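# Model the structure of this input:
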Amino acid sequence: KECMVDGTVCYIHNHNDCCGSCLCLNGPIARPWEMMVGNCKCGPKA
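Residues are numbered from 1 along each chain as shown. All right, here's what the predicted structure looks like:
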C-alpha cells in the first residue's frame, strides 16, 4: 500500500496513511479538531 509523503494534509480518516506521522500544529490536545479542519500534515516519524 502506498503511503502519503511528508507535507500531505492528513485527516482523521487517513492519518494512518502517512509514510511518517500525522503532525498537528497545536499538539495532541487540539488534535481531533485540527485533523477535522485540515491543519495536520504528514511529517517525519516521531
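# in this protein, what spans have low per-residue confidence?
Scanning the chain for pLDDT under 70 picks out 46.
# residue boundaries of the helices in this structure?
Secondary structure of the chain (DSSP state H): helices at 31-37.
# what about dumping the CA coordinates of stretch 33-40 to PDB?
As requested, the backbone C-alpha atoms of stretch 33-40 are provided in PDB (Å, rounded to 0.1, in the frame of the first residue of the first chain):
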ATOM      1  CA  TRP A  33     -10.300  19.300  15.800                       C
ATOM      2  CA  GLU A  34      -7.100  20.100  13.900                       C
ATOM      3  CA  MET A  35      -7.500  16.900  11.900                       C
ATOM      4  CA  MET A  36     -11.100  17.700  11.000                       C
ATOM      5  CA  VAL A  37     -10.200  21.200   9.800                       C
ATOM      6  CA  GLY A  38      -7.100  20.000   7.900                       C
ATOM      7  CA  ASN A  39      -4.400  21.600  10.000                       C
ATOM      8  CA  CYS A  40      -2.400  18.400  10.200                       C
END
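# Which positions within it qualify as buried?
By neighbour count on 16 or more other CB atoms under 10 Å, the buried set for stretch 33-40 is 34-35, 39-40. Backbone N, C-alpha and C define where each C-beta goes, glycine included.
# can you redo those residues as TSV with distance to residue 19?
Listed next are the buried residues of stretch 33-40 as TSV, based on distance: CB to CB, whole Å:
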residue	distance to residue 19
34	20
35	17
39	19
40	14
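# Which two of the residues you listed have the greatest separation?
Across those, the longest distance by CB to CB is 7.6 Å; it joins 35 and 39.
# can you list residues touching both of these two?
With contacts defined as CB atoms under 8 Å, 6 or more residues apart in numbering, the residues adjacent to both residue 35 and residue 39 are residue 24.
# just curious, which of the buried residues of stretch 33-40 is nearest to residue 7?
Residue 7 lies nearest to residue 40 out of those, by CB to CB, at 11.2 Å.
# wait, doesn't the closest one sit right on residue 26?
No. With contact defined as CB atoms under 8 Å, residue 40 does not count as touching residue 26 (9.5 Å).
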